[in-house]
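**Student:** predicted coordinates and the sequence they were generated for:
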Amino acid sequence: MSSLSGLTVLAGPTAVGKGTVSTYIRDNYPQVWLSVSATTRSPRPGEEEGVHYFFKSTEDFDRLVGEGEFLEWAVVHGVNRYGTLRSTVEAALAQGKHVLLEIDLQGARQVKEAVPDARFVFLAPPSWDEMVRRLVGRGTETPEEQQRRLETAKLELAAEPEFDHTVVNDDVRRAADELVQLMGLTPNPR
Ligand code: 5GP
C-alpha cells in the first residue's frame, strides 16, 4: 500500500471544527488536495457534486463497497454512509499533491489498518468546557440528547493517543497553519 503512504488524515471529535479547518486549507493552500468523499446523504444548499462530495444512492454506494473501491467507509451519526474512494486519492498522490482526508474516527482507524505509515492528526478542542459549550450551546437538544452527545464526545476524545500528532483548534487559521506544517509545507505569511 506504499502508493498511499503520502497522505494525511485529520480526525477528531464531533463539533471540534474539522470541516472549518479543512475548508480553510482548501481555500488557502492549493498544494493540498482535500479528498472528496462519497456519501449517501443528500446535498445541502450550495454543495456541488464532485466538489464537496460525490452524492450516491444507497445502491451505488453498496456496489462501490462490493467492488472494493473504498479505502475506508463508515456510517456517521448513525444515518448516512461516507467513504473515501481509493482511486481519487491515488490519482491526487500520483500528481504530487499533498492529500488530506477529513474523516470520522471509525474511518481514521480503517486507514490506519490499510496505510499504517500515513500521517494521523487529531484535532482537539481547546478544553473540555469549550467542547461542552460548542456541543450543548445551541440549546436545541433535550437534556438527554445533550448527555448522549457528551458521552460520545468523551469516547472520541479518548482516541487521541492513537494519533501521531494533536492540533488544538483554538483558532481556525492557526490550527490550519500548524496542520500544513505537519504535512511538510510552509504556512502562508500573515
Ligand atoms: P457532513 O454530513 O456534515 O458533511 O459530515 C459529517 C461527518 O462525516 C464529518 O464528521 C466528517 O468528518 C465525516 N466524513 C466525511 N467524509 C467522510 C469519509 O469519507 N469517511 C468517513 N469515515 N467520514 C467522513
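**Tutor:** Yes, it's here.

**Student:** ranges for the helices of the protein?
**Tutor:** When assigned using DSSP state H, the helices of the chain occupy the ranges 18-28, 58-66, 86-94, 105-114, 128-136, 143-157, 172-182.

**Student:** turn the ones you listed into JSON lines, including mean neighbour count and mean pLDDT.
**Tutor:** Quick note: C-beta positions are derived from backbone N, CA and C, even for glycine. Written out in JSON lines, the entries for the helices of the chain read as follows (neighbours: other C-beta atoms under 10 Å; pLDDT from 0 to 100):
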{"stretch": "helix 18-28", "mean neighbour count": "17", "mean pLDDT": "95"}
{"stretch": "helix 58-66", "mean neighbour count": "13", "mean pLDDT": "98"}
{"stretch": "helix 86-94", "mean neighbour count": "16", "mean pLDDT": "95"}
{"stretch": "helix 105-114", "mean neighbour count": "18", "mean pLDDT": "96"}
{"stretch": "helix 128-136", "mean neighbour count": "15", "mean pLDDT": "86"}
{"stretch": "helix 143-157", "mean neighbour count": "14", "mean pLDDT": "87"}
{"stretch": "helix 172-182", "mean neighbour count": "19", "mean pLDDT": "97"}
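
**Student:** looking at those, which is nearest to the ligand?
**Tutor:** Distances from the ligand to each of the helices of the chain were compared by C-beta to the nearest ligand atom, and the smallest falls on helix 105-114, at 2.4 Å.

**Student:** with just CA atoms, put that closest one into PDB.
**Tutor:** Listed in PDB are the C-alpha atoms of helix 105-114, where the atom choice follows Å, rounded to 0.1, in the frame of the first residue of the first chain:
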ATOM      1  CA  LEU A 105     -12.700   8.300  13.800                       C
ATOM      2  CA  GLN A 106     -14.000   5.000  12.500                       C
ATOM      3  CA  GLY A 107     -12.700   5.900   9.100                       C
ATOM      4  CA  ALA A 108      -9.300   7.000  10.500                       C
ATOM      5  CA  ARG A 109      -8.900   3.600  12.200                       C
ATOM      6  CA  GLN A 110      -9.600   1.800   8.900                       C
ATOM      7  CA  VAL A 111      -6.900   4.000   7.100                       C
ATOM      8  CA  LYS A 112      -4.500   3.200  10.000                       C
ATOM      9  CA  GLU A 113      -5.000  -0.600   9.200                       C
ATOM     10  CA  ALA A 114      -4.600  -0.100   5.400                       C
END
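
**Student:** tilt between it and helix 86-94?
**Tutor:** 70 degrees (axes from the mean of the first three to the mean of the last three C-alpha atoms, to 10 degrees).
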